[in-house]
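>>> just the structure for this:
(2 chains)
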Amino acid sequence: MYRAWIFIGAIVALVAAWFAVCKILYSAKRISANRYGYLARVFPMRFLKYLLLVIAAFAILMPFMYALLLGFKTGDDVFRQSPIPEKFVFTNYVEIFRDGDIRLLSGILNSFAYALPPCIVGVLSSTMAAYALSRLHFKGRDKIFGLLFATICIPGVITLIPSYIMFAKLYNWTDTPLPLIIPGMCGSVTVIFFLRQFLLGLPRELDEAGIIDGLNKGGVFFYIIMPLSWPAMLAQFLLAFNGGYNDFMGPLMYIGSNKQLYTIQLTVYSMYSSNVKQIEKVMATCTVALIPSIVLFAFAQKYFLGSAVSADSIKG
Amino acid sequence: MAYKRSGKLKNHDGLWGAIFLSPIAIGMILFILIPIGYAVYLSFTRYDMFNAPTFVGWRNYQRLFDISKETQFWSSFKNIFVFAVLITLLNVFVGLVIACLLKRGGRIENFFKVILYLPMVCSVVATTSIWGWMYNSVYGPLIGILKFFGVERYEFFAPSHVLPSMLLMCLWSGFGGSMLLYFAALKNIPGHLYEAAEIDGATPVQSFFKITLPMVSPTTFYLLLTGLVGSLQAYSQFLAIGLDGYTPVLVIYKYAGHGYGNTTYGYSCAMGVFYGILIAVIAAINFRLSKFWVGYDV
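Residues are numbered from 1 along each chain as shown, chains lettered A, B, ... in the order given. Prediction:
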């Protein structure tokens, strides 16, 4: 315990010394009032701000660094407390791809295969619905939108078990990835909500110009609205793809019994929950599993960070 | 196109609307409405996937509300309630503090914003597995940090320590969302409000409480509502880290069992229906209360 107290005491002493020196210099007229204000007020606040941010960033990055480093360790080295490997070995990262039991590569490919179709088709059907709900005029349109919006409030826990039973008994979709793919193709209400906000911002004159030039409302959508809204669609597609890639409960429920169909998330889960002894391999797998998300985020952070829902939009 | 007698433009919007809305309508009916109806129906039956469901009336619900016997569900209920309230408040608080630090929006701030948002895009299973090993009470790095502060032994998953461990992990992975929303909300506060406050002699602390907090109250409301509803249904972190049956969703999942020959599907549907209705009621109460403290206009 004494070490911690020394640590805290040293910091307090350092801060006190800083303010004391500033004060003494100021009262001895060695620095101007202006400079004193900067040194004793502005600078400490700014320093504190960046210190907090650096600590937060370090805390956020630490688990990633830790997993990456542990992946480079050998079997015995894992049980040393220091995260730095005694000797960097790449065998873990090679072996998880080679091991026929882990099937890492097929896991990654499966994840992509299950995540892509619902995203592509789902974003298209969501855009269609958003177009109908924002730019077409028919009776009961706003009621339909209200109804759709209300379904967001339905907690998913109600449908968890009955959907499973339905997919298993009614549709006979056990041990196929279809329950992960088909529902997503119908679109999602949150995506409709975002895209509707976007489409409401496009000028009406575009539709009118299209109508005058002889398009019907379907043509207006496919030739005018869709080409204009691709940035919003792309953002939603990327978010949905990342969500599908990271999905865990869906694959666990529907394909949890068939190793050939495993997604990468299930691979990580089955490795972590069964084979804790080879922790260096688990960490290597985790690192590999995180790479697609991180790469996607790095290249498309504009879309990820820009698509935050503004709370104004839920104004009743 | 032709004008009807009423003078309204006749068009085919209704037809196109029906075509464009059909995918989401089919999805809603097939994958949300029918399962809900099915859940309500099954919750009154005894069902084992092989034989047709047999109607048992309210027996499933009676069994659920027999609090002395059904300890698993109700203890998980208590767990998740404490967890959900605390994690929602923590996320909102930390998100607001960090968003205030990032408010200037320069290049350095944006760099930090990207880093701090990173856990939000990462797979829950992978990050939870990493945290699971970091929480190892012999070899993990966190016990090393605790040892520096003089704590020699600490079991991160002992029953009394589970909650803070999970809170820390979920805060790590979850505050990015509230940070981002608060950041957007802070950007939207007009600067002249702060200038006026400064001319009137307000301290930074005063202008934070009198301007910033009221101006971001819609965001706070949105975050509290979605955070509470979302974290009451949390399960993946708990399942991935090996805390089976710690939250109600996992208990429901457990009762539905894995594999056939299990007769508790009806019972787990009853649990799901009860818990879902409870969450919807909490959300509705939240909505009602919001008008007392959320201000939507400048």
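>>> residues of the stretch 1-150 of chain A that sit close to chain B?
A:1-4, A:49-50, A:52-53, A:56-57, A:59-64, A:66-67, A:70, A:78-81, A:83, A:125-126, A:128-129, A:131-133, A:136-139, A:141, A:144, A:148 (Cβ under 8 Å from any Cβ of the partner chain). (Each C-beta comes from the backbone N, C-alpha and C, glycine too.)
>>> contacts for the helix or strand encompassing A:Tyr164, please.
In the assignment (DSSP states H and E), A:Tyr164 maps to helix A:156-165. Helix A:156-165 is contacted from outside by A:179, A:253-254, B:31-32, B:35-36, B:38-39, B:42, B:47, B:49, B:233, B:248-249, B:252-253, B:256, B:265, B:268-269, B:272-273, B:275-277, B:279, using Cβ atoms under 8 Å, 6 or more residues apart in numbering or on different chains.
>>> got a PyMOL select line for the buried ones in the residues of the stretch 1-150 of chain A next to chain B?
Filtering the residues of the stretch 1-150 of chain A next to chain B down to the buried ones (16 or more other Cβ atoms under 10 Å in any protein chain shown) takes a single PyMOL command:
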select buried, chain A and resi 49+53+56+57+60+62+63+64+66+67+70+78+83+125+126+128+129+131+132+133+136+138+141+144+148
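>>> filter the residues of the stretch 1-150 of chain A next to chain B down to the ones in helices?
A:2-4, A:49-50, A:52-53, A:56-57, A:59-64, A:66-67, A:70, A:125-126, A:128-129, A:131-133, A:141, A:144, A:148 (DSSP state H).
>>> touching, A:Ile144 and A:Ser134? I think so.
No: if you go by Cβ atoms under 8 Å, A:Ile144 and A:Ser134 don't touch, sitting 11.8 Å apart.
>>> burial count for B:Leu224?
Counted with other Cβ atoms under 10 Å in any protein chain shown, the neighbours of B:Leu224 add up to 20.
>>> and it, how far from chain A?
11 Å (Cβ to the nearest Cβ, to the nearest Å).
>>> now B:Ile98
According to Cβ to the nearest Cβ, B:Ile98 and chain A sit 6 Å apart.
>>> which residue ranges of chain B form strands?
Here chain B has its strands, by DSSP state E, at B:45-46, B:54-55.
>>> report the contact partners of the residue of chain A found nearest chain B.
Chain B sits closest to A:Cys186 of chain A, with a gap of 2.4 Å, by Cβ to the nearest Cβ. Counting by Cβ under 8 Å, 6+ apart, A:Cys186 makes contact with A:122, A:125, B:23-24, B:26-28, B:30-31.
>>> one more: A:Val89?
A:72-74.
>>> out of these, who has the most neighbours?
A:Lys73 (24 neighbours).
>>> and that one, that's in a helix?
No: assignment of A:Lys73 by DSSP: H, G, I helix; E, B strand; the rest coil gives coil, placing it outside any helix.
>>> quick one: pLDDT of residue 176?
Here I'm looking at chain A. pLDDT for A:Thr176: 85.
>>> actually, chain B is the one I wanted.
90.
>>> doesn't B:Val229 make contact with B:Ile282?
Yes: counting by Cβ under 8 Å, B:Ile282 does reach B:Val229; the two are 7.2 Å apart.
>>> more crowded one of the two?
B:Val229 (20 against 17).
>>> tell me who's in contact with that one.
B:Val229 sits next to A:153, A:155, B:279, B:282-283 when contact means Cβ under 8 Å, 6+ apart.
>>> one step back: looking at the contacts of A:Cys186, which is nearest A:Lys302?
Distance to A:Lys302 across the contacts of A:Cys186 (Cβ to Cβ) is lowest for A:Gly122, with 21.6 Å.
>>> surely the closest one meets A:Val189?
No: assessed by Cβ under 8 Å, A:Gly122 is found out of contact with A:Val189, at 11.3 Å.
>>> neighbour-wise, which of the two wins?
A:Gly122 (25 against 20).
>>> quick one, what contacts the more buried one?
Shown in contact with A:Gly122 (Cβ under 8 Å, 6+ apart): A:184-188, A:191, A:240.
>>> now flag whichever of those is closest to B:Ile108.
A:Ala240 (31.1 Å).
>>> out of the contacts of helix A:156-165, which are buried?
Taking 16+ other Cβ under 10 Å as the criterion, what is buried in the contacts of helix A:156-165 is A:179, A:253-254, B:31-32, B:35-36, B:38-39, B:42, B:47, B:49, B:233, B:248-249, B:252-253, B:256, B:265, B:268-269, B:272-273, B:275-276, B:279.
>>> could you list which of the residues you listed belong to helices?
Short answer: those in helices (DSSP H) are A:179, A:253-254, B:35-36, B:38-39, B:42, B:248-249, B:252-253, B:256, B:265, B:268-269, B:272-273, B:275-276, B:279.
>>> can stretch B:121-129 be said to contact chain A?
Yes: using Cβ under 8 Å from any Cβ, stretch B:121-129 comes into contact with chain A via B:121-127, B:129.
>>> meant to ask about stretch B:42-59
Yes: interface with chain A: stretch B:42-59 contributes B:42, B:47, B:49 (Cβ under 8 Å from any Cβ).
>>> nearest to B:Phe208, of the residues you listed?
B:Leu42 (51.6 Å).
>>> touching, that closest one and B:Thr264? I think so.
No: between B:Leu42 and B:Thr264 there is no contact under Cβ under 8 Å: 10.8 Å.
>>> still on that earlier bit, anything in contact with each of B:Ile282 and B:Val229?
With Cβ under 8 Å, 6+ apart, B:Ile282 and B:Val229 have no common neighbours.
>>> any idea how far the closest residue to chain A within the stretch 151-298 of chain B is from B:Ile29?
Using Cβ to the nearest Cβ, the single residue of the stretch 151-298 of chain B nearest to chain A is B:Gly276, 3.5 Å away. Computed with Cβ to Cβ, to the nearest Å, the distance linking B:Gly276 and B:Ile29 is 18 Å.
>>> quick one: mean pLDDT over the helix ranked longest in chain B.
Scanning chain B for the longest helix, with DSSP H as the assignment, gives helix B:71-101. Averaged across helix B:71-101, the pLDDT comes to 93.
>>> what packs against it?
Other elements packing on helix B:71-101 under the criterion 3 or more Cβ pairs under 8 Å, 6 or more residues apart in numbering or on different chains; DSSP states H and E are helix A:43-71, helix B:162-187, helix B:217-232, helix B:248-256.
>>> what comes up buried for it?
Buried positions in helix B:71-101, judged by neighbour count with 16+ other Cβ under 10 Å: B:73-74, B:76-77, B:79-80, B:83-84, B:86-88, B:90-92, B:94-96, B:98-101.
>>> phi first, then psi, for whatever residue of the stretch 101-250 of chain B ends up closest to chain A.
Closest residue of the stretch 101-250 of chain B to chain A, Cβ to the nearest Cβ: B:Gly150 (3.1 Å). Its backbone dihedrals place B:Gly150 at phi 90, psi 0, with angles given as degrees, to the nearest 10.
>>> want to try TSV for the contacts of B:Val229, with pLDDT and distance to A:Ser293 as columns?
Below are the contacts of B:Val229 laid out as TSV (pLDDT from 0 to 100; distance: Cβ to Cβ, whole Å):
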residue	pLDDT	distance to A:Ser293
A:Cys153	77	28
A:Pro155	84	26
B:Ile279	91	28
B:Ile282	89	31
B:Ala283	86	29
